[in-house]
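>>> Fold the following and give me the result.
(2 chains)
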Amino acid sequence: DARVTQTPRHKVTEMGQEVTMRCQPILGHNTVFWYRQTMMQGLELLAYFRNRAPLDDSGMPKDRFSAEMPDATLATLKIQPSEPRDSAVYFCASGLSDRASEAFFGQGTRLTVV
Amino acid sequence: AQSVTQLGSHVSVSEGALVLLRCNYSSSVPPYLFWYVQYPNQGLQLLLKYTSAATLVKGINGFEAEFKKSETSFHLTKPSAHMSDAAEYFCAVSDGGGSNYKLTFGKGTLLTVNP
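From the prediction side, this is the model:
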């Protein structure tokens, strides 16, 4: 059945290393959302794409985070260099409209930076 | 600016008992309100939504929520808890307008169901 696929599911990396998280949206979906979930901050929107174009990435720390959609079947979130405070679960969600509530979530990438 | 407050980070009920998860919101415009459920190691799944139609909203798995403007509340209820309801629940708000791609989430309430 159709689902949003995120890889890797878990990632442990050392501080200063580059981390790339990948998301395969549901086929045919044209909107992609990246969220970060932490105990302290809860769920935060990092970036929003429509038709592969970034429409809002105001939630992302610009100095170290970047998000792209090289093609319609792949969204990436990159952190370089990573820091311990980046430890979180990162979720990707995809949808057919701008309504975030209608998006389907992936299972997340649990990132630990040591 | 919008915000959501979920009262109680952890709620514990017995199987068969009433489930009540509280959510209060703050919004300068008529809000759209949502409840999500997150099972362990899973993404969020939409339970139900209020988008300015009926104030009592029914969702999946027997859950419902009532929008009360006078109390700025959108509490989630289920008459009889089942073991499979154990999960974390998030209330969220959006402005329903041009920024409906932005959801503001509460911190979540972990529901435990005891046998």
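>>> For residue B:92, what is the enclosing helix or strand?
When secondary structure is defined using DSSP states H and E, the element that contains residue B:92 is strand B:87-94.
>>> which residues touch that strand?
Among residues not part of strand B:87-94, those counted as contacts by C-beta atoms under 8 Å, 6 or more residues apart in numbering or on different chains are A:42-43, A:99-101, B:2-4, B:6, B:21, B:23, B:25, B:27, B:31-40, B:44, B:47, B:74, B:76, B:100, B:102-106, B:108-111. Just so you know, the C-beta spots here come from the backbone N, C-alpha and C atoms, and that holds for glycine as well.
>>> Buried subset of those as a ChimeraX selection?
Selecting in ChimeraX just the buried members of those, where the criterion is 16 or more other C-beta atoms under 10 Å in any protein chain shown, is done with this command:
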select /A:42,43,99,100,101 /B:2,4,6,21,23,25,27,31,32,33,34,35,36,37,38,44,47,74,76,100,102,103,104,105,106,108,109,111
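>>> I figured residue B:20 hits residue B:79, correct?
No: taking C-beta atoms under 8 Å as the contact criterion, residue B:20 and residue B:79 are not neighbours in contact, 10.3 Å apart.
>>> hang on, the earlier thing: quick check: neighbours of the strand holding residue B:92 in the sheet, parallel or antiparallel?
Within its sheet, and counting by DSSP bridges, strand B:87-94 is paired with strand B:32-38 (antiparallel), strand B:104-105 (antiparallel), strand B:109-114 (antiparallel).
>>> Turn the ones you listed into a markdown table, columns for mean pLDDT and distance to residue B:58.
Formatted as a markdown table, the entries for the strands paired with strand B:87-94 read as follows, by pLDDT from 0 to 100; distance: least, C-beta to C-beta, whole Å:
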| stretch | mean pLDDT | distance to residue B:58 |
| --- | --- | --- |
| strand B:32-38 | 94 | 11 |
| strand B:104-105 | 91 | 22 |
| strand B:109-114 | 97 | 18 |
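>>> Report the beta-bridge partner residues of the closest residue to chain B within chain A.
When you check chain A against chain B by C-beta to the nearest C-beta, the closest residue turns out to be residue A:105, at 2.8 Å. Note on residue A:105: beta-bridge partners by DSSP bridges are residue A:93.
>>> Tell me which residue is most central in the chain.
If you meant another chain, say so; for now it's chain A. The geometric centre of chain A, computed from its C-alpha atoms, lies nearest to residue A:34 (C-alpha atoms, centre = their mean), at 3.6 Å.
>>> not what I meant, chain B
Central residue of chain B (C-alpha atoms, centre = their mean): residue B:35, 3.2 Å from the mean position.
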